[in-house]
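Q: need coordinates for the below:
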Amino acid sequence: MAAGLAGGAASARALPRVISLNPCLDAVLVHVADRPQVVALSHYARDPQQSSIAKIALTYPMTYESAEEVIALRPDVVLTAAHSSPATRAALKRLGIRTELFKVPNSWVENQDQIRRIAEAAGHPERGEALIARVEAAMAKAAPRPGTRPVTALVFQPNGFAAGHGTLVDEMMRRAGFVNVAQRYGLKKWGNVSLERLLADPPEVLLAGQAAPNAPTWAERILNHPALASVSPRMTRAVFPERLLYCGGPGLMDTAAALATARRQVLGAAA
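A: Next comes the predicted model:
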């Protein structure tokens, strides 16, 4: 029995100690790693406007992404993103500390690959598969009923910033029964839509990201603009937390639910 307990302790110690330097990676890591494995999350994880795990993140250590902080914590693996500090990434490379670099996923397929990589890095590949299954179940639940007509929509952020085709946001919109009309305003992947373009050819729905509950959105200002008085009856504003636009992973479950709610707001509960 003592030998068995010792063996179990050794197995636990053998699991890699992981640091994440990105809020999107943070959210996946806390779902697939054991609590003692997570040496630190990024400081962004505690920001409720950017992170889907802000409350949970308060119970974890964090770093401000400096090489000194990360090295002092002696991790086995560091999860980094394209926007992570180049100086920190270079320092970790020089010291031979294993890093995993992640790009912004432009599709659910790419996002699944990231979840699997993070779960593998944490030594729990089966938890990655379980998380993927949960997200897919949420997407299926949020999907429109067969025969439901698609709804034209535009994701609208401050300064008219919008998501175009070839993005994860675009795929989530399509899965939830929307037609992303960003392309008709001249957008490719990401860009800005002017008031004039919106006025000339409004979608049925502006999907407005909201920084905090009851906070005014840029889309709300646009809809209240005098120039849009003639089209406002034809253009609905659907509000959801802005953080749902930033990351994939487990946050997609909330994104799918929010989009389904917006669709029903236009088409009714049967949609």
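
Q: surely L259 and M172 touch.
A: Yes - look at L259 against M172 with Cβ atoms under 8 Å: they come within range, at 6.3 Å. In this view, the C-beta of every residue, glycine as well, is placed from N, C-alpha and C.

Q: of the two, which one has the most company?
A: Just comparing L259 and M172: by other Cβ atoms under 10 Å the higher neighbour count belongs to L259, 30 against 25.

Q: outside of stretch 83-94, which residues touch it?
A: L21, N22, E65, S66, A67, V70, I71, V78, T80, T99, L101 (Cβ atoms under 8 Å, 6 or more residues apart in numbering).

Q: okay, now E196: neighbour count?
A: Count around E196 with other Cβ under 10 Å applied: 8.

Q: tell me which element it falls in.
A: helix 195-200 (DSSP states H and E).

Q: in that helix, what counts as buried?
A: Buried positions in helix 195-200, judged by neighbour count with 16 or more other Cβ atoms under 10 Å: L198.

Q: CA atoms of that helix as CSV?
A: Extracted in CSV, the C-alpha atoms of helix 195-200 (Å, rounded to 0.1, in the frame of the first residue of the first chain):
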residue,chain,number,x,y,z
LEU,A,195,-21.8,54.8,-40.3
GLU,A,196,-22.4,55.7,-44.0
ARG,A,197,-22.0,52.2,-45.2
LEU,A,198,-24.2,50.9,-42.4
LEU,A,199,-26.9,53.4,-43.2
ALA,A,200,-26.9,52.6,-46.9
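
Q: any idea of the mean pLDDT for it?
A: The pLDDT scores in helix 195-200 average 83.

Q: ok, then the element right after that helix?
A: Where DSSP H and E defines the elements, the next helix or strand beyond helix 195-200 is strand 205-210.

Q: and that following strand, how far out from the chain's middle?
A: Averaged C-alpha coordinates place strand 205-210 at 16 Å from its chain's average position (Cα atoms, centre = their mean, to the nearest Å).

Q: ok so, going back, from the contacts of stretch 83-94, which land in strands?
A: Secondary structure from DSSP state E places V78, T80, T99, L101 of these in strands.

Q: now the residues you listed in JSON lines, with neighbour count, distance to R134 and pLDDT?
A: Compiled in JSON lines, these are given as follows (neighbours: other Cβ atoms under 10 Å; distance: Cβ to Cβ, whole Å; pLDDT from 0 to 100):
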{"residue": "V78", "neighbour count": "27", "distance to R134": "26", "pLDDT": "98"}
{"residue": "T80", "neighbour count": "23", "distance to R134": "25", "pLDDT": "97"}
{"residue": "T99", "neighbour count": "18", "distance to R134": "27", "pLDDT": "97"}
{"residue": "L101", "neighbour count": "12", "distance to R134": "25", "pLDDT": "97"}
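
Q: so which of those residues comes closest to H124?
A: H124 lies nearest to V78 out of these, by Cβ to Cβ, at 17.3 Å.
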